[in-house]
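>>> just need the structure, nothing else, for what follows:
(chains A, B and C)
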Amino acid sequence: MSLLTQDQICQQIIQAHHDLIVQQPLVHCITNHVASNYVANVLLAAGASPAMIDNPHEAAAFASVSAALSINLGTPTEQQMQAIPLAIQAAKQQQRPWVLDPVGYGAVLHWRSHMVDQLLDLHPQVIRGNASELSALAGQQIESKGVDASVASEQVYQHCLGLLAYSDCVAISGAADYILWGAQHCLVRVDGGSALQPRITATGCALGALIAAYCAVAEVGIATIAAHAHFAIAAQLAAQQHQHLGHFAVAFMDHIQSLDAQQLQSHLKLHLSPLKD
Amino acid sequence: MSLLTQDQICQQIIQAHHDLIVQQPLVHCITNHVASNYVANVLLAAGASPAMIDNPHEAAAFASVSAALSINLGTPTEQQMQAIPLAIQAAKQQQRPWVLDPVGYGAVLHWRSHMVDQLLDLHPQVIRGNASELSALAGQQIESKGVDASVASEQVYQHCLGLLAYSDCVAISGAADYILWGAQHCLVRVDGGSALQPRITATGCALGALIAAYCAVAEVGIATIAAHAHFAIAAQLAAQQHQHLGHFAVAFMDHIQSLDAQQLQSHLKLHLSPLKD
Amino acid sequence: MSLLTQDQICQQIIQAHHDLIVQQPLVHCITNHVASNYVANVLLAAGASPAMIDNPHEAAAFASVSAALSINLGTPTEQQMQAIPLAIQAAKQQQRPWVLDPVGYGAVLHWRSHMVDQLLDLHPQVIRGNASELSALAGQQIESKGVDASVASEQVYQHCLGLLAYSDCVAISGAADYILWGAQHCLVRVDGGSALQPRITATGCALGALIAAYCAVAEVGIATIAAHAHFAIAAQLAAQQHQHLGHFAVAFMDHIQSLDAQQLQSHLKLHLSPLKD
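Purely as a prediction, here's the structure:
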C-alpha cells in the first residue's frame, strides 16, 4: 500500500498546482505537427511556459535551460529523430525530468518503435500512453487500431509492470487512467474525465507535456497524478456544460486555466491500491 | 442521367453516415502542417479515426492497415514526397481507396504539381480541389490566387471532365460544390454551406480527408456526395447561429459531430444533371 | 516629433484596414508548425489571403506572385532554412515588403540566430518580436526565458534603435507595444490589448503575418501600427466579454474579423513621442 494517504496526495497535488502557476516552468516539447499548437495552448492555460525546439542544432542547448522535457513521437521527422536523443542527454546532464509519449508504438510503426526502444535506456521519469501503446511497449502486443486507444486501460496495467524497470512512473490513459507509481509501490486510478476528451485530437499529447510541466515543480509521482487529475476535472466540468465537441473543447481550455485548489479538493477522484507483481 | 434517383442517393448517404459512425474507419492522412490538427478534429467529430503518418519509413506499412488514405500536398516536405507514393502503392495493394487533394496545383508551384501529375497514374478514387486547382490539373490554366479559390466552380466542371480518365469522381468545391460521378455519368451539385466556410483555413483539406473516410464505408460516388453534404449542412446550420468566424468555427465542429439522419433528410440539397461531354 | 498628427495616423489606419479587406492581399508565410494554422485563420479573419509555402523548390516562385512575405523562425527545419533566403530575394526583386520575426533569437538558439543575423542584410521592412528577442538582436543581451517575453518592452526600445539601420520599422510587443518608425523619427506606443493575449500561443507569430498583410496595402509605418492596433482592439473587446482562455480565443477571432472603422476611431490608443538617439 502507498506510504502516503489519499488526503496527503491530494494536498501535494494542490501544492504542485500552485507551484506550477507561480513558477511557470519552461517546458521543452518535441512533439508532432498535429499536436504542437494544442500542446502549447494547454501548457499556457495551465500556467507553464512551452517552447517547441525540435531541430538537432538547438535541441540540446535548449533542453539545458529548460525545466523539463516532453518527448512525443506522433509524426517524427528525420530532424526530430536526431534532436530527441540530444535533448534527452542534455536534460539528464542538468538533472531535469523528461517524459516519454511513445505515440503509435507497435508492430506496424517500426521506425518510431525502434527509437522508443532505444530511449528506454535513457530512463524517462514518466512513460505515458494509451493501453495498446504501453502494452506493446511492455512486450505484450495486443490488438490496436491506429494511434488511438482501443483497449481498456485497466486490463493492461499488469502488462506494464515491467516498464517500471525503465521509468519511475507509468501512466496508462483511458476511460479511467491508471498510474503505476514505483517509489510508492502503488497503483493510482484517476476517475473523472469525459468520453468527449479522446475525440479532441492531441489530448494525450497535451497530457504528456503537462506531466512534464508538473515534474518541473513536484515529485514525479505527484506530478503524474496531478496532470491526470487536472485533465480529468477540467474535462468533467466541461462535459457538464457542453455535449458537443466544438463547445466542449472551448470549455475544456477554460477549465484547464481556471482550475483551483477548491475544485481539486472537491472533484479529485483517486483510488489507491498496492501494485501486485 | 443518373441511374439512381435523388431519393435513392439520399438514403444511401444516410446509410453511409450511419456506417461511418459505427465502423469508425481508420483514415491515414498525409497532409500539411497548417491543416493537420483541424483535419484530425473534423474526422474525430464525424466519427472516423484519423492518423497522420507522413514519414517514408512507416507510410507504406500504415497505409496497409488503414481503411482509406487521404493525400494532401499543402506544405510538402522531402520526406512527405517520399512517403506519398509508398503509401498509395500500399493502399492500392490492399484495394483501399485513396483521395487526392492537389492543393495549390498550377504553374507557380512546380514541385508539387509535378508530383501530382505522376500521382494521377496511380488512379485516385477521388480528386478534389477548388476550381482553379482542378482546372489547371485538367490542363486548362485559369487565373488563380494563392491556394484559395478565385474561380466559380460551376464555370469549370466542363474543363474537368478529362480528369475522369484518372479517377472515379472529381469534386470541385466552391460556393456550390460540383461532383462529377463517372460511373453514374452524372453531375451532382451540392448546395448549402456558408460563405464563412472558406474563411476557416484547411476546410478543403478536412473535406478531402472526410471523403476518404466515407470511401471506407460506401461506394465512391455516394461517399463523395456524403462528405460534401455533411460539410454543407454543418456549415449552413452553424451560419444560422453565428455570423463571426470564431463562434462559427466552434458551431461548425458541433454540427459535424451532431449531424443525424433527420437533418440529412431535411437539409440535403442535391441537383442532378447528366454529364455532357 | 512625427510629421503626422495622431489624427492623420488614425485616418490612414482606417484606410489601410479598408484596403486590406477590399484587396485581400496574398500573404506568403514561412512560419512554424505551432503557429501555421492560427496564423492562417487570423489572416483570413482579417481579410487577407494566406499561403504557407515553405519548401525551397517553390518558395521563390511563390514569393514572386505574393503581395507580401512573412518570415518566422519558430521551429525552423533544414528545408525552411533553405527556402527563407530564396523567398526573400524573390520578394525583394519584385519590390514586395517582407517582415522578419526572429522568434527565440538569443544566445541559446544559435542556429536560427545565425540565420537571422544574415537576414538583416536583406533589409526587412519590419522587424518584430518581444523585448528579449529584439534586445538580443540589437546586441544587448538581456535575461530571457524561452520564446515568450520576460522583459517589459518599454525598457528596451532604446536598445533597439540600432535595428533601424536594418529595417524601416521595429516593433516590440509586450503589455504595451512600441513601434520605432524610422521615416517619421517617431516612437509610437500602442496601448490596449489584454493580459490573456500572450497566453494564446502564436499570437506574436500571427501579428507578424498581419503586419506583412498590411504592408501589402499601406506604407510600412502605418501598416505596422495598424496591425498592432487591430490586435490590441480585438483583444481588448474580447477580454471585456470573457476572462478565460477558451472563450477569449473564440471572441478574439470574432473581433479580428468584425473590427470596423468606428471601432478603430473610438478605441485606438496611440501615444507618439520623438525618437531619442
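
>>> what does stretch A:177-185 contact?
By Cβ atoms under 8 Å, 6 or more residues apart in numbering or on different chains, the residues outside stretch A:177-185 that reach it are A:2-4, A:153-154, A:157, A:160-161, A:163-164, A:167-172, A:187-190, A:193, A:220-221, A:224-225, A:228, A:232, A:274-275. No exception for glycine: its C-beta is placed from N, CA and C like everyone else's.

>>> of those residues, buried ones?
A:2, A:4, A:153-154, A:157, A:160-161, A:163-164, A:167-172, A:187-190, A:193, A:220-221, A:224-225, A:228, A:232, A:275 (16 or more other Cβ atoms under 10 Å in any protein chain shown).

>>> got the contact list for the residue in the stretch 101-250 of chain A that chain C sits nearest to?
Proximity of the stretch 101-250 of chain A to chain C (Cβ to the nearest Cβ) peaks at A:Val250, 4.0 Å away. A:Val250 sits next to A:His242, B:Val250, C:Gly246, C:His247, C:Ala249, C:Val250 when contact means Cβ under 8 Å, 6+ apart.

>>> which of the residues you listed lies closest to A:Ser258?
C:Gly246 (9.6 Å; Cβ to Cβ).

>>> any idea how far that closest one lies from A:Trp181?
31 Å (Cβ to Cβ, to the nearest Å).

>>> A:Gln23 contacts A:Ala216, doesn't it?
Yes. Using Cβ atoms under 8 Å, A:Gln23 is in contact with A:Ala216, at 7.2 Å.

>>> for the two, indicate the residue with more neighbours.
Set A:Gln23 next to A:Ala216 and count neighbours by other Cβ atoms under 10 Å in any protein chain shown: A:Ala216 wins out with 23 against 15.

>>> may I see the buried residues of the longest helix seen in chain A?
Longest helix of chain A, by residue count under DSSP state H: helix A:220-241. Across helix A:220-241, burial judged by 16+ other Cβ under 10 Å covers A:220-239.

>>> show me what contacts the spatially most central residue of chain A?
The centroid of chain A falls nearest to A:Gly208 when counting by Cα atoms, centre = their mean (2.6 Å). A:Gly208 sits next to A:Ser70, A:Asn72, A:Val99, A:Asp101, A:Arg128 when contact means Cβ under 8 Å, 6+ apart.

>>> B:Gly204: which of those residues is nearest?
Among the contacts of A:Gly208, and counting by Cβ to Cβ, the member closest to B:Gly204 is A:Asn72, at 27.6 Å.

>>> separation between that closest one and chain C?
Relative to chain C, A:Asn72 is positioned 13 Å away (Cβ to the nearest Cβ, to the nearest Å).

>>> among the contacts of A:Val250, which are located in strands?
Within the contacts of A:Val250, no residue falls in strands by DSSP state E.

>>> now render those residues as TSV, adding pLDDT and distance to B:Cys10.
Conversion of the contacts of A:Val250 to TSV gives the following (pLDDT from 0 to 100; distance: Cβ to Cβ, whole Å):
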residue	pLDDT	distance to B:Cys10
A:His242	98	30
B:Val250	98	28
C:Gly246	98	37
C:His247	98	37
C:Ala249	98	37
C:Val250	98	34
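
>>> which pair in these spans the largest distance?
For the contacts of A:Val250, with distances taken as Cβ to Cβ, the pair at the greatest spread is A:His242 and C:Ala249 (15.6 Å).

>>> which positions in chain A make contact with chain B?
Counting by Cβ under 8 Å from any Cβ of the partner chain, chain A comes close to chain B at A:32-35, A:37-38, A:74-78, A:104, A:108-112, A:145-148, A:199-202, A:244-247, A:249-250.

>>> for the residue of chain A most remote from its centre, what are its contacts?
Distance from the centre of chain A peaks at A:His57, with 26.0 Å (Cα atoms, centre = their mean). Going by Cβ under 8 Å, 6+ apart, A:His57 touches C:His110, C:Trp111.

>>> what segments of chain A are helices?
With DSSP H as the criterion, chain A has helices spanning A:6-23, A:36-46, A:59-65, A:78-93, A:110-120, A:131-137, A:203-215, A:220-241, A:245-258, A:261-267.

>>> deepest-packed of the ones you listed, please.
helix A:203-215 (a mean of 30; mean count of other Cβ atoms under 10 Å in any protein chain shown).

>>> tilt between that helix and helix B:36-46?
120 degrees (axes from the mean of the first three to the mean of the last three Cα atoms, to 10 degrees).

>>> same for the longest helix of chain A, what does it pack against?
helix A:6-23, strand A:126-130, strand A:169-173, strand A:177-181, strand A:186-190, helix A:203-215, helix A:245-258, helix A:261-267 (3 or more Cβ pairs under 8 Å, 6 or more residues apart in numbering or on different chains; DSSP states H and E).

>>> just list the residues touching A:Arg96, thanks.
A:Ala63, A:Ser66, A:Ala67, A:Ala68, A:Leu69, A:Ala216.

>>> how about A:Asp168?
A:Gln125, A:Val126, A:Trp181, A:Gly182, A:Ala183, A:Val220, A:Gly221.

>>> list just the nearest of those residues to chain B.
A:Val126 (23.6 Å).

>>> distance of the closest one from B:His110?
46 Å.

>>> which positions in the stretch 1-150 of chain A make contact with chain C?
Near chain C, when you scan the stretch 1-150 of chain A using Cβ under 8 Å from any Cβ, you find A:26, A:33, A:36-37, A:40-41, A:44-45, A:49-55, A:57-58, A:61-62, A:64-66, A:77, A:79.

>>> apply 7 Å and report the result again.
Residues of the stretch 1-150 of chain A lying close to chain C by Cβ under 7 Å from any Cβ of the partner chain are A:26, A:33, A:36-37, A:40-41, A:44-45, A:49, A:51-55, A:57-58, A:61-62, A:65, A:79.

>>> I am finished for the moment; much appreciated.
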